Structures are given as C-alpha cells and as structure tokens.
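Undergrad: fold the following for me, if possible:
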Amino acid sequence: MEGINGIVRASEIYVEAIDDDPSLADKFREDCADFVPASAWSQFEAVGRKWMHPRLIMGGMADRKKANLVKRLPFSTQERVFSHNRFDLLVSGGDILKVDMMEATQEQAEQLCNGSEIRTIPEQKAWLEAVTIREENKPEVMPYTIVNGKVSFRRAVTLTRQELKRLLQEM
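TA: Got it, this is the predicted structure:
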C-alpha cells in the first residue's frame, strides 16, 4: 500500500508541476530517463488527475485485456471495481448474477463494460444478441484444406458421396 500511495503522491506532484508549467513534462522525462520509462509519464498524469486507478499501474489485474477495459471506465467505477463491488450480469435464461469484476472472466468483463461505462441489463441483452448473431453468421470451417493438389484433413471426417464429389471438383 505504501508503494501505491507513493505513486499516487508522486503523480499528484507531477500533475501540479505540469499544470503550472507544461514544459516541465519534457524536463521530467529527460531528467528521469534512466529509471522511468517514457511510457509511464502518461500513466502518472492519469493517476494524478484521477482518471486512472493507481492499481492499474501496479498490475492490479492479472488479465491485461480486462485491465484495459477497466482503464476506460470512469475513476469512480474503477474505485468500485478495486473495492470488489458486485455488478449485475445477465446470464442465459434471463437470470442476473452479482459478479465481482476482479473475479469475472474476460468474456463477462466484455459483456459488462461498454467502453466508458458499465452496461445496464437491457444493454447487456442487446450485446449478447449481437454476439449470438455474429457467431451464427460465421462461415463454416471446412474439415479439410487443399494445398498443391493434396488434401489435409483437420479432424476425423466422414464425407457423403456429394461432399466427396465437391472435394474432387475443388482439386
């Protein structure tokens, strides 16, 4: 906790300094280049301005994709995530579960997060329907490939006479 509090305080000092004189941002980057990566300064500013929760800098979420979803949420919602608040999640059959974002799967987090906010139950229903439609419209993957006149089967395959005829025509 002391490390996180130190980062928060340093981030606040950095923001105060660059608010007074924006050219100091370049000076900080140059003076600290040996031990602070250039990519960290934007995160320090985000933490100092309370746009991003400090635990996101420190790897507070093991899943990087889920952390990226949480980064886009408002700070107050990020605070709720790291306080282990539970959010309503619509599941098949219309049931609603209370889930902790820290324990949610990547798919559940994608369902919950709508870029800059947590989706409502009707928004989640629409999102789930859109995902279902996308899945239904995916082209069927053939159980074989044809390369240089040779057939390679991806898995155990049973072909009808018509399918075999089509396969031979493709070759």
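Undergrad: which residues touch the residue nearest to the spatial centre of the chain?
TA: The residue lying closest to the centre of the chain (Cα atoms, centre = their mean) is residue 65, at 3.2 Å. Neighbouring residues of residue 65 by Cβ atoms under 8 Å, 6 or more residues apart in numbering: 106, 109. The C-beta positions use only the backbone N, C-alpha and C, and glycine is treated the same way.
Undergrad: kindly report the same for the one 5 residues further on.
TA: Neighbour list for residue 70: 53, 56, 61, 78, 81, 101, 109, 113 [criterion: Cβ under 8 Å, 6+ apart].
Undergrad: got the phi/psi numbers for it?
TA: phi -70, psi -40 (degrees, to the nearest 10).
Undergrad: which pLDDT value belongs to it?
TA: Here, the pLDDT recorded for residue 70 equals 93.
Undergrad: which residues touch the helix or strand hosting residue 27?
TA: Taking DSSP states H and E as the definition, residue 27 sits inside helix 24-31. The contact list for helix 24-31, computed with Cβ under 8 Å, 6+ apart, reads 14, 17, 18, 36, 38, 41.
Undergrad: packing partners for the lengthiest helix in the chain?
TA: Longest helix of the chain, by residue count under DSSP state H: helix 2-20. Taking 3 or more Cβ pairs under 8 Å, 6 or more residues apart in numbering; DSSP states H and E as contact, the helices and strands that helix 2-20 lies on are helix 24-31, helix 40-48.
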